[in-house]
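K.L.:
how does the following fold in three dimensions:
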Amino acid sequence: MSDLRWGLIGTGGIARAFARDLTRTSGHTIAAVGSRSLEKATEFAQQSGGRPYGSYEELVAADIDAVYVATPHPMHAPNTILALNHGKPVLCEKPFAVNSRESASMISAARSNQLLLVEAMWSRFLPHYRKLRELVEQGDLGEIISISADHGQNLPLPKYYRLHAPELAGGALLDLGIYPISFAYYLLGKPQSVVVKAEFTPTGVDSQTSMIFRYDTGAHANLTTTLLAKTPCTATVVGTKGTIFIDGDFYTPTSMRLKKVDGSVVEFPKQYEGHGLREQAIEFASLLQAGKNESYLMSLDDTQSIMETMDEIRTQIELYYPFE
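P.N.:
The predicted structure is shown next:
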């Protein structure tokens with residue numbers, strides 16, 4: 001395959017970061033960018049390349065190989081389904097959808113069109129996540145007993161309006177909590193039960209949410225997320241043979257270490273340059289070349305199960321969005 005020609009839906013910060021990180025690898029080109037505003041699309045194209053389009057419909061009809069959806073959460077489902085129904089494989093930003101009903105419709109569209117669809121949970125494709133899974137699978141940690149992970153950022157009004165807006169599916173859970181939740185799923189899968197507590201913003205979305213996942217094995221995952229302060233953003237995986245400590249921010253390219261029960265320590269220093277968003281694009285291109293319709297590192301069944309668990313979390317804390 002020659003360069004994979006990407007069409008971007010959305011011109012916000014994550015789309016710009018994705019475009020910048022692609023410049024650190026070969027085989028990828030920003031061929032087009034679509035926005036509801038031709039002016040915004042043109043501004044983005046001048047900085048990051050690609051032909052600008054003033055509508056998403058024009059973008060998905062363009063001569064491109066794949067679509068990266070980077071719009072606000074409530075637009076993920078309609079944007080993704082639009083692209084799939086125009087024959088374009090899709091890499092969709094996380095959280096994949098607002099709820100499991102939406103994610104199921106997106107997955108159905110991908111399967112009926114026999115097209116590749118991947119949730120852009122970029123962390124799962126990073127080198128240290130792959131190394132972590134390797135260590136677990138080869139038994140270096142033994143049986144996993146517990147996982148802990150936190151993701152907190154200082155994101156106040158009015159600067160971060162979207163994150164406080166119910167009409168845009170704001171709150172800590174969907175934007176930040178998705179990272180520790182997906183991390184727990186990556187290692188332990190779907191929990192047997194979930195216990196949740198939360199605090200709310202004056203606008204009616206969760207400002208802070210704490211979760212305990214319990215598994216059939218007896219393992220627990222203790223996960224927290226907040227909009228109120230920058231937290232250490234570290235993760236720990238405790239096993240019967242050793243413990244993995246992942247430095248902050250655990251979901252970005254970072255260092256980690258394995259401390260074995262005999263007291264010895266194996267270091268895994270950070271040896272990565274750039275943001276890391278390109279790794280999901282590299283994986284996506286590889287899947288396309290191989291004729292695959294999903295990624296084993298971020299399967300559609302996993303994505304759907306995560307959305308169902310997030311629905312359960314929102315039900316427990318009574319977090320509802322006006323458009324649902």
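K.L.:
for the chain, what spans make up the helices?
P.N.:
Applying DSSP state H to the chain gives helices spanning 13-22, 38-48, 56-60, 76-85, 100-113, 127-137, 161-164, 172, 178-188, 278-289, 300-317.
K.L.:
can I see the domain layout of this structure?
P.N.:
The chain resolves into domains spanning 4-121+277-293, 127-271+306-317 when parsed by automatic domain parsing.
K.L.:
between the ones you listed, which gets nearest to residue 324?
P.N.:
Smallest distance to residue 324 across the domains of the chain (Cβ to Cβ): 6.5 Å, for domain 4-121+277-293. The C-beta positions use only the backbone N, C-alpha and C, and glycine is treated the same way.
K.L.:
any idea how far the closest one is from the chain center?
P.N.:
14 Å (Cα atoms, centre = their mean, to the nearest Å).
K.L.:
from residue 91, how far off is residue 11?
P.N.:
As judged by Cβ to Cβ, to the nearest Å, residue 11 and residue 91 stand 16 Å apart.
K.L.:
picking that back up, possible to save the helices of the chain as a markdown table with distance to residue 232 and mean neighbour count?
P.N.:
Shown next, in a markdown table, are the helices of the chain (distance: least, Cβ to Cβ, whole Å; neighbours: other Cβ atoms under 10 Å):
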| stretch | distance to residue 232 | mean neighbour count |
| --- | --- | --- |
| helix 13-22 | 22 | 19 |
| helix 38-48 | 32 | 17 |
| helix 56-60 | 38 | 20 |
| helix 76-85 | 29 | 23 |
| helix 100-113 | 30 | 18 |
| helix 127-137 | 16 | 17 |
| helix 161-164 | 20 | 17 |
| helix 172 | 16 | 27 |
| helix 178-188 | 12 | 23 |
| helix 278-289 | 23 | 19 |
| helix 300-317 | 22 | 19 |
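K.L.:
now mean pLDDT and distance to residue 209 too, for these, in TSV please.
P.N.:
Shown next, in TSV, are the helices of the chain (pLDDT from 0 to 100; distance: least, Cβ to Cβ, whole Å):
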stretch	mean pLDDT	distance to residue 209
helix 13-22	97	22
helix 38-48	96	32
helix 56-60	97	31
helix 76-85	98	20
helix 100-113	98	18
helix 127-137	97	23
helix 161-164	96	13
helix 172	98	6
helix 178-188	98	10
helix 278-289	97	25
helix 300-317	98	7
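K.L.:
so can I have a markdown table of these showing distance to residue 152?
P.N.:
Shown next, in a markdown table, are the helices of the chain (distance: least, Cβ to Cβ, whole Å):
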| stretch | distance to residue 152 |
| --- | --- |
| helix 13-22 | 19 |
| helix 38-48 | 30 |
| helix 56-60 | 33 |
| helix 76-85 | 23 |
| helix 100-113 | 25 |
| helix 127-137 | 20 |
| helix 161-164 | 12 |
| helix 172 | 8 |
| helix 178-188 | 10 |
| helix 278-289 | 24 |
| helix 300-317 | 16 |
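K.L.:
most remote residue from the chain's center?
P.N.:
residue 262 (35.5 Å; Cα atoms, centre = their mean).
K.L.:
hmm, back to that, please name whichever of the helices of the chain is nearest to residue 2.
P.N.:
Residue 2 lies closest to helix 278-289 among those, at 10.7 Å (Cβ to Cβ).
K.L.:
let me see the backbone angles for the closest residue to residue 29 other than its chain neighbours.
P.N.:
Leaving aside its sequence neighbours, residue 29 sits nearest to residue 3 (Cβ to Cβ, 6 or more residues apart in numbering; 4.4 Å). Note on residue 3: backbone dihedrals following degrees, to the nearest 10 are phi -50, psi 130.
K.L.:
what number of residues lie near residue 3?
P.N.:
12 (other Cβ atoms under 10 Å).
K.L.:
report pLDDT for it.
P.N.:
On pLDDT, residue 3 comes in at 92.
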